[in-house]
Each structure stands twice: as structure tokens, then as C-alpha cells.
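In: below are the sequence and a predicted model for it; my questions follow.
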Amino acid sequence: VQLVESGGGLVQPGGSLRLSCAATGFIFSSYDMSWYRQAPGKERELVATITSTGGSTNYADSMKGRFTISRDNAKNTVYLQMNSLRADDTAVYYCRARGVWLDRVYWGQGTQVTVSS
């Protein structure tokens, strides 16, 4: 099982980034997918979740209207489009898979997002 995040980097305030998380080794369409983030000295927090079919999404309040989670089950990939980035969005972003029918959770290794001028 692997979850591999990509797309992080350095961006100026107000800019955009699109993160991707490619999944292998499990039945992707049977897992709800989430993005989490962890800033230095802070606990890991939930950013957004999308259900296994993509039919429903949820966001943390501070991300609503700025971030969009989506998935492509044909490509076994989940995405996070981040717009209007702020300095306090700086964190390591992780994707997580949680089984709908099985009590299994998988994590990626994370990708760094730095918002700075």
C-alpha cells in the first residue's frame, strides 16, 4: 500500500497550488479520502474529506471557499486545489485513506507547502 503526495512547494500569499495523492495497493474506490495538515509545533488537523464515490465533501471552516478536494477513481488519485493561500496555510500536507467497509487507515508521507513572500 502506498499513498504518494506531490505538488507542494513555495508559493506567495494569494497564490494557488494543487496537491495530488496517488494511491496504489488497495481498492481506491472503497476508501474515503482526506487531506490533513500539520504546521510546526501544532497538532495535525483535518483539511477536507471526500467520500469513496466523490459524492460528498466536507471542509474545515478555515478552508471553505478556498480549498477544493476532488478525486479521480479511474486514476486512483485525490487532489486538493488550494487558492488564496495565506501564511498560516504553511504546513506539511498529508493524504489519508479510510476504508468504507474495512477498518483500515493508510497515510501518505506528506508534502511541504510553504506560503511566503
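Out: Arrived safely, thanks for sending. Numbering: from 1, shown residues only.

In: got the contact list for the residue nearest the centre of the chain?
Out: In the chain, the residue lying closest to the centroid (C-alpha atoms, centre = their mean) is W35, at 2.8 Å. W35 is in contact with 19, 21, 46-49, 67, 69, 78, 80, 93-96, counting by C-beta atoms under 8 Å, 6 or more residues apart in numbering. C-beta: built from backbone N, CA, C; applies to glycine.

In: may I ask which of those residues has the most neighbours?
Out: Neighbour counts for the contacts of W35, by other C-beta atoms under 10 Å, peak at V78, which reaches 31 neighbours.

In: so it makes contact with G54?
Out: No - under the criterion of C-beta atoms under 8 Å, V78 is not in contact with G54, lying 9.3 Å apart.

In: now do the shared contacts for these two.
Out: Common neighbours of V78 and G54 (C-beta under 8 Å, 6+ apart) are 70-71.

In: look up how far V113 lies from the residue nearest to the centre of the chain.
Out: Counting by C-beta to C-beta, to the nearest Å, the gap from W35 to V113 is 11 Å.

In: could you name every residue contacting both of the two?
Out: Counting by C-beta under 8 Å, 6+ apart, the common neighbours of W35 and V113 are 19, 93.

In: coming back round to it: so which of the contacts of W35 sit within helices?
Out: With DSSP state H as the criterion, helices contain none of the contacts of W35.
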